[in-house]
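S.K.: any chance you could fold what I've pasted below:
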Amino acid sequence: YLVSAVTFLSEVGITDQPVFGLVVNGTLGAVTMAWMANKVCQIYVMERNVRYYDIRDPLQALQFVSILPRLARHGLNLRGLLEKQLAIMDAKELQSKPWSKLLQRQE
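M.R.: Predicted structure coming up:
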């Protein structure tokens with residue numbers, strides 16, 4: 001999902017912005033991140049050497065919960081960038097993108 005989200009954002013002109021995800025296995029979870037570098041047009045996924053949280057441990061649960069407000073603020077900033085980019089693009093430009101629903105129906 002991270003690569004899809006980063007690819008979508010790059011199609012509307014947003015690069016060098018991280019997208020975060022959560023990988024879980026029972027009570028163990030890790031926050032992952034991906035971004036597209038504008039200069040090289042390459043997607044990077046950070047999923048190694050990440051911080052794991054076991055929410056059975058109260059201290060680790062608190063540490064995990066403490067990062068959520070920062071992720072939420074980043075999400076709001078990213079949403080603002082997306083809304084600004086979509087306002088700049090016109091309807092014809094959006095419809096010509098290969099991921100648009102209109103183009104999928106025409107195929």
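
S.K.: ramachandran coordinates for M89?
M.R.: phi -70, psi 140 (degrees, to the nearest 10).

S.K.: end-to-end on stretch 27-46?
M.R.: 21 Å (C-alpha to C-alpha, to the nearest Å).

S.K.: next helix or strand past the strand or helix carrying F20?
M.R.: Using DSSP states H and E, F20 sits in strand 19-25. Next helix or strand after strand 19-25 toward the C-terminus (DSSP H and E): strand 28-37.

S.K.: what's the offset of the strand holding F20 from the middle of its chain?
M.R.: Centroid displacement of strand 19-25 relative to its chain, using C-alpha atoms, centre = their mean, to the nearest Å, is 10 Å.

S.K.: go through that strand and flag the buried ones.
M.R.: Across strand 19-25, burial judged by 16 or more other C-beta atoms under 10 Å covers V19, F20. For the C-beta atoms, the positions are set from N, CA and C on the backbone; glycine is no exception.
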